[in-house]
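J.: please find the sequence and the predicted model below.
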Amino acid sequence: MRRTPLYPWHVSLGARMVGFGGWEMPVQVTGIIDEHHSTRRAAGLFDTCHMGEIRLRGPGAAGTLARVLTRPVSDLAVGQGRYAMMCAEDGTVIDDTITFRLGDEDFWVVVNAATREDDVGWIESYAIGACDVDDESDATAKLDLQGPAASIVLGLLCEAPADLACIRRFGIVDGIVAGIPARIARAGYTGEDGFEVFCDPSRVVDLAGAIHEAGESHDLAVCGLGARDTLRLEAGLPLYGHELSRNRPAHASGMGWAIDLNARFVGRDHLAAAPAEILVAFRMQGRRAAREGDRILPAAGGDPIGTVSSGSFCPTLGVAAGLAYIEPAHAEAGTPVAVDSRGKSLPARIEKKPLYKRGHAA
């Protein structure tokens, strides 16, 4: 198991550590439900140092990314970013990414921890022209500060930029936070407004401590992977290895907005036909959660019509809910279904994604 630079800090806070994608990470600090509610109501601070960062520089950088991402990035302004997926030749998903443009020929791709090395190799295999591909993950630490009070807390520490409101969604700037050089992006994975703050690994303990201290009067919670999962699930955000994988084509995820079929990326030709299953949200009638791999059945019984990809009790909703891949004929919101969970049939209903929008639970 690898450990982030914040491992001793988490232990000092009493966090419960678990294995996740080859990393020893905190699953909870004070408790998943408390951390979840704190992020929705105030602010949550997450250790995301395990994520990967890949830098592409040179005249061929934009062209290389056009070949491997489902959306072009050549039209991005410097200081802006864009979400996209990375597909294999058969249209299935290698990873999902956010790419930021740092300069005219300078791009920074944030990737998932478990896929980082494969992502680097995949990008290198499709590099064109003069394009340097560098894995900067080990030289980069990352914190996510999320929630309604995130801009207030971070604003208390920012020397530059002085006004965080100037950073638009998926915007990125270089700045100084608590005296520490940092790169600040307006992004996140919780359904709330927030920021991803990158810095040198040698300074991240000081940065996390400063944010924690500044947030104490604003009900900030240090959060683990458990709350991160329930927050993203309510917001309908896919998790690589669950909703996105090499098992299903990219367009089955329902994120057509993140796929430009006019572009000529690897795997595009396999995304023209409608998928056999599509991703939907569902809500259980109670607190008992469905689990990954549980089968979705028609409410009246019969053959399986889908498979659960993620499920959990969702604190904001007060019931269990989840995401599932299901046959399109049964995917309309409001459709009653049943979840076959460990041999027991549990009633559920298909819902429109997302189950939660900022400030409002569906």
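T.: On my side now, so go ahead.

J.: which SS state does the closest residue to Asp135 other than its chain neighbours fall under?
T.: Leaving aside its sequence neighbours, Asp135 sits nearest to Val120 (CB to CB, 6 or more residues apart in numbering; 5.0 Å). The way it works is simple: take the backbone N, C-alpha and C, and place the C-beta from them, glycine included. Using DSSP: H, G, I helix; E, B strand; the rest coil, the structure places Val120 in helix.

J.: surely Val120 touches Val133?
T.: Yes: with contact defined as CB atoms under 8 Å, Val120 and Val133 form a contacting pair (6.6 Å).

J.: shared neighbours of those two, which are they?
T.: Shared contacts of Val120 and Val133, defined by CB atoms under 8 Å, 6 or more residues apart in numbering, comprise Ile54.

J.: on that earlier part again, what about the residue nearest to Asp135, neighbour count?
T.: Neighbours of Val120 under the rule other CB atoms under 10 Å: 18.

J.: any idea how far it is from Pro59?
T.: 20 Å (CB to CB, to the nearest Å).

J.: cool, Asp174 as well?
T.: Distance, Asp174 to Pro59, by CB to CB: 23 Å.

J.: what of Leu244?
T.: 31 Å.

J.: and those two? which has more neighbours close in?
T.: Taking other CB under 10 Å, Leu244 and Pro59 do not tie; Leu244 has more neighbours (24 against 12).

J.: leaving out sequence neighbours, find the closest residue to the more buried one.
T.: Leaving out its chain neighbours, the residue that sits closest to Leu244 by CB to CB, 6+ apart is Val93, at 4.3 Å.

J.: need the next SSE after the lengthiest strand in the chain, C-terminal direction.
T.: The single longest strand within the chain, with elements called by DSSP state E, is strand 93-103. Moving toward the C-terminus from strand 93-103, the first helix or strand encountered (DSSP states H and E) is strand 106-111.

J.: distance from the chain centre to that following strand, please.
T.: Relative to its chain's centre, strand 106-111 lies at 15 Å (CA atoms, centre = their mean, to the nearest Å).

J.: quick check: mean pLDDT of it?
T.: For strand 106-111, the mean per-residue pLDDT is 98.

J.: in that strand, which residues are buried?
T.: Neighbour-count burial for strand 106-111, counted by 16 or more other CB atoms under 10 Å, picks out Asp106, Phe107, Trp108, Val109, Val110, Val111.

J.: show me which of those residues is closest to Ala338.
T.: Distance to Ala338 across these (CB to CB) is lowest for Val111, with 36.9 Å.

J.: so how far is Arg169 from that closest one?
T.: On the measure of CB to CB, Val111 and Arg169 end up 20 Å apart.

J.: how far away is Leu220 from Ala150?
T.: According to CB to CB, Leu220 and Ala150 sit 9 Å apart.

J.: for the two, list the residues in contact with both.
T.: Counting by CB under 8 Å, 6+ apart, the residues touching both Leu220 and Ala150 are Ala43.

J.: for those two, indicate the residue with more neighbours.
T.: Each of Leu220 and Ala150 has its neighbours counted (other CB under 10 Å); Ala150 has more, 28 against 24.

J.: ok, the closest residue in space to the more buried one that isn't next to it in sequence - contacts?
T.: Using CB to CB, 6+ apart and skipping the chain neighbours, the partner closest in space to Ala150 is Gly194 (4.3 Å). Gly194 makes contact with Asp144, Leu145, Gln146, Gly147, Ala150, Arg186, Ala187, Gly188, according to CB under 8 Å, 6+ apart.

J.: ramachandran coordinates for Gly194?
T.: Backbone geometry at Gly194, expressed as degrees, to the nearest 10, gives phi 170, psi -170.

J.: bridge partners for it, pull those for me.
T.: Gln146 (DSSP bridges).

J.: which neighbouring elements make contact with the helix or strand where Gly215 lies?
T.: Element membership for Gly215, per DSSP H and E: helix 204-215. Judged by 3 or more CB pairs under 8 Å, 6 or more residues apart in numbering; DSSP states H and E, helix 204-215 is in contact with helix 7-12, strand 43-47, strand 141-146, helix 150-155, strand 172-177, strand 180-185, strand 194-199, strand 220-223.

J.: counting by contacts, list what the second one packs against.
T.: Which is strand 43-47. Judged by 3+ CB pairs under 8 Å, 6+ apart, strand 43-47 is in contact with strand 141-146, helix 150-155, helix 204-215, strand 220-223, helix 225-234.

J.: quick one: strands adjacent to the helix or strand following that strand?
T.: Remark: after strand 43-47, the chain's next helix or strand is strand 52-57, criterion DSSP H and E. The pairing partners recorded for strand 52-57 under DSSP bridges are strand 106-111 (antiparallel), strand 132-135 (antiparallel).

J.: tell me which residues in the very next helix or strand once past strand 52-57 are buried?
T.: Moving toward the C-terminus from strand 52-57, the next helix or strand (DSSP H and E) is helix 61-68. For helix 61-68, a neighbour-count test (16+ other CB under 10 Å) marks Ala61, Ala62, Gly63, Thr64, Leu65, Ala66, Val68 as buried.

J.: alright, that wraps it up for me.
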